[in-house]
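S.K.: Sequence first, then the predicted structure, then my questions.
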Amino acid sequence: MTVLVTGGAGYIGSHAALALLDGGRDVVVLDNLSQGHRWAVPTGAAFVEGDCGDEDLVRRVIAEHDVTAIMHFAGSIIVPDSVIYPLEYYRNNTVNSRALLQVAVDSGVKHFIFSSTAGVYGEPKATPINEDFALKPISPYGTSKMMTEKMLADAAIAHDLRYVALRYFNVAGADPKGRSGQTSRKATHLIKIASQAATGTRPQMAIYGEDYETPDGTCIRDYIHVSDLANAHVLALEYLERGGESDVMNCGYGRGFSVREVIGAVKKVSGVDFEVELADRRPGDPAALIAAADRIRQKLGWTPVHDDLEDIVRHALDWEQSLKSREVSAA
Ligand SMILES: NC(=O)c1ccc[n+]([C@@H]2O[C@H](COP(=O)([O-])OP(=O)(O)OC[C@H]3O[C@@H](n4cnc5c(N)ncnc54)[C@H](O)[C@@H]3O)[C@@H](O)[C@H]2O)c1
Ligand SMILES: O=c1ccn([C@@H]2O[C@H](COP(=O)(O)OP(=O)(O)O[C@H]3O[C@H](CO)[C@@H](O)[C@H](O)[C@H]3O)[C@@H](O)[C@H]2O)c(=O)[nH]1
């Protein structure tokens, strides 16, 4: 009875592995370390270095570890890169997910939890966004995730497999106990970048556009603490194990903060007045993305405990500081 966590050496996967281990589950992480780090795999989890699209390897891992459920985090995640390298994104996010799904079905794994994204909605017609809105992704990244959702839906009809696809809104923060956090080599996320500016890892940061139709002109997003998100995965697994139907669920808190509000919170919590420039809009940024977050609360009984922007920011800043000392000690 082991959970296979693909991408468990990365940001969200490592937090999910921690949540599973904290709940007394056995975990095996499969990660090719293209972005993740061996040290990010939580103590107590078994680790296999390899690709989730390698069917023979995944078949062996499932058999050797008696895997009964899969949480699939492995993937390529940078939206603008997906525009430049679309075929690479379809390979890693769609083709490799197909391979993993094939082995899951062949091996009799019945429960599958998938990392999807608010990016599947594209430019939504209104906000908050509920799960029944049309899927109209505007990037290859969003399309690659939508295609995996479709494969899951069809496979679940044809085979003895049930799934939950969790559509994450803006994931941020770090494990409150300091055991993991965001370590991406190529940071693009707002709270990560602002935390780097506050801790001196980068000299300044920019706001991408101040002329949106929002109260302060900057984009609004629904920031969700990574540990609340990790717990949602554990609850999704329990839901499937007690016979829950396959479903898709938004993961957000149902409220939003503007870029300016986020930067203000990072300055307040850190006490550092770092330099912020104004820059042009970043292509493809919708003005506001806020989740309708009722379904996940109702169906999974999910009750977030870190729904506080300053909490999220504090944990992100603590992690950024700890990364600096890690680099110093590694030098
Ligand atoms: N971070 C966000 O805000 C966000 C939002 C929506 C959805 N997601 C999704 O959540 C998942 C996890 O994202 P993250 O932020 O933790 O990213 P991450 O880059 O930190 O983690 C992804 C991990 O997967 C590994 N990986 C990539 N391709 C692999 C492959 N083919 N085989 C094995 N391992 C592979 C990487 O080495 C890395 O450790 C992704 O699927 C992403 O699309 C993330
Ligand atoms: O240095 C920065 C970084 C970001 N932003 C702005 O901050 C907002 C949030 O940006 P970011 O943190 O990059 O997140 P998103 O572009 O909203 O995308 C994230 O959230 C989506 C779901 O909402 C996921 O699909 C994506 O994978 C994930 O990267 C946007 O308006 C950006 O323009 C800045 O102004 N300056």
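M.R.: Perfect, thanks for sending it. Ligands and ions are numbered 1, 2, ... in the order given.

S.K.: From now on I want contacts and neighbour counts done on CA atoms only, so please keep to that.
M.R.: OK.

S.K.: OK, contacts around Gly254?
M.R.: By CA atoms under 8 Å, 6 or more residues apart in numbering, the contact set of Gly254 is 128, 222, 290-293.

S.K.: scratch that, Arg295
M.R.: 249-250.

S.K.: For it, pull up the helix or strand it's in.
M.R.: Under the criterion of DSSP states H and E, Arg295 resides in helix 294-300.

S.K.: For that helix, list every residue counted as buried.
M.R.: 294-297, 300 (16 or more other CA atoms under 10 Å).

S.K.: So what does Glu275 have for phi and psi?
M.R.: phi -80, psi 130 (degrees, to the nearest 10).

S.K.: which residues does it bridge with?
M.R.: Gln204 (DSSP bridges).

S.K.: on that earlier part again, dump the buried residues of helix 294-300 to a markdown table, plus distance to ligand 1 and pLDDT.
M.R.: A markdown table is the format used below for the buried residues of helix 294-300 (distance: CA to the nearest ligand atom, whole Å; pLDDT from 0 to 100):
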| residue | distance to ligand 1 | pLDDT |
| --- | --- | --- |
| Asp294 | 18 | 97 |
| Arg295 | 18 | 98 |
| Ile296 | 16 | 98 |
| Arg297 | 19 | 98 |
| Leu300 | 19 | 98 |
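
S.K.: ok, now which ones touch the closest residue to Ala104 other than its chain neighbours?
M.R.: In this structure, Ala104 finds its nearest non-sequential neighbour in Lys110, 7.5 Å apart by CA to CA, 6 or more residues apart in numbering. The contact partners of Lys110, by CA under 8 Å, 6+ apart, come to 68-69, 104, 160-162.

S.K.: picking that back up, could you point out which element follows the helix holding Arg295?
M.R.: With DSSP H and E, the next secondary element past helix 294-300 is helix 309-330.

S.K.: So which residues make contact with that next one?
M.R.: So helix 309-330 is contacted by 172-176, 178, 180-183, 191-192, 195-196, 198-199, 223-225, 262, 265-266, 269-270, 306 (CA under 8 Å, 6+ apart).

S.K.: Kindly recompute the last result at 6 Å.
M.R.: 173-174, 176, 181, 195, 225 (CA atoms under 6 Å, 6 or more residues apart in numbering).

S.K.: now swap in stretch 220-229 and tell me
M.R.: Contacts for stretch 220-229 (CA under 6 Å, 6+ apart): 170-173, 252, 255-258, 288-290, 304, 312.

S.K.: that older thread, CA atoms only for the helix holding Arg295, dumped as PDB, please.
M.R.: In PDB, the C-alpha atoms belonging to helix 294-300 read as follows (Å, rounded to 0.1, in the frame of the first residue of the first chain):
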ATOM      1  CA  ASP A 294     -16.700  25.200  -2.900                       C
ATOM      2  CA  ARG A 295     -16.500  21.800  -4.600                       C
ATOM      3  CA  ILE A 296     -13.200  20.800  -2.900                       C
ATOM      4  CA  ARG A 297     -14.500  21.900   0.500                       C
ATOM      5  CA  GLN A 298     -17.800  20.000   0.100                       C
ATOM      6  CA  LYS A 299     -16.500  16.800  -1.500                       C
ATOM      7  CA  LEU A 300     -13.200  16.400   0.300                       C
END
